[in-house]
Structure formats: C-alpha cells, structure tokens
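Participant: Here is a sequence together with a model predicted from it:
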Amino acid sequence: MPASGFPCRACGLLTEGVDAYVICADCTLEFEARYQETIHDGEQRVPQITGEIEARLRRLVDDW
C-alpha cells in the first residue's frame, strides 16, 4: 500500500502514512520526552492530564 499524506492527529502537520491515523515524528518525540519525565527513581508516576491534553485525547478518540 503506497504512502500518502495525512494530517497528524495531534498537531495537524501533513505527515506521510499508509493510514489516516498518523502521528508526526515531532509529536511522537514530545510524547516520549514527557513520558521520560514521569519516570523517577525507577518508579513511574502518572502525569497530570491538563485541559490541553484532555482536549487532544478527546479529539483523537472522536476521530477514531
């Protein structure tokens, strides 16, 4: 299946993918960086969900 351009589900940046559900590399790196910040002394802490993150998650679920 050939790759096509689709908007990133997090930021809207045109991203290549074989499916309409794509996340760009920048958003993926941002997520990974946030996740790494939640790990402290081998113990994982759950990050607080802010209004912005909640809105992004709701948009992702609604679009899915």
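Facilitator: Ah, there it is.
Participant: Would you map the strands across the protein?
Facilitator: In the chain, the strands defined using DSSP state E lie at 4-7, 14-17, 39-40, 43-44.
Participant: show me where pLDDT drops low in the protein?
Facilitator: Along the chain, segments meeting pLDDT under 70 span 1, 37-49, 64.
Participant: just the helices in it please.
Facilitator: 25-38, 51-63 (DSSP state H).
Participant: now those as JSON lines including mean neighbour count?
Facilitator: Placement of C-beta: from N, CA and C, glycine included. Formatted as JSON lines, the helices of the chain follow (neighbours: other CB atoms under 10 Å):
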{"stretch": "helix 25-38", "mean neighbour count": "12"}
{"stretch": "helix 51-63", "mean neighbour count": "10"}
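Participant: Looking at these, which is nearest to residue 3?
Facilitator: Closest of those to residue 3 is helix 25-38, at 14.0 Å (criterion: CB to CB).
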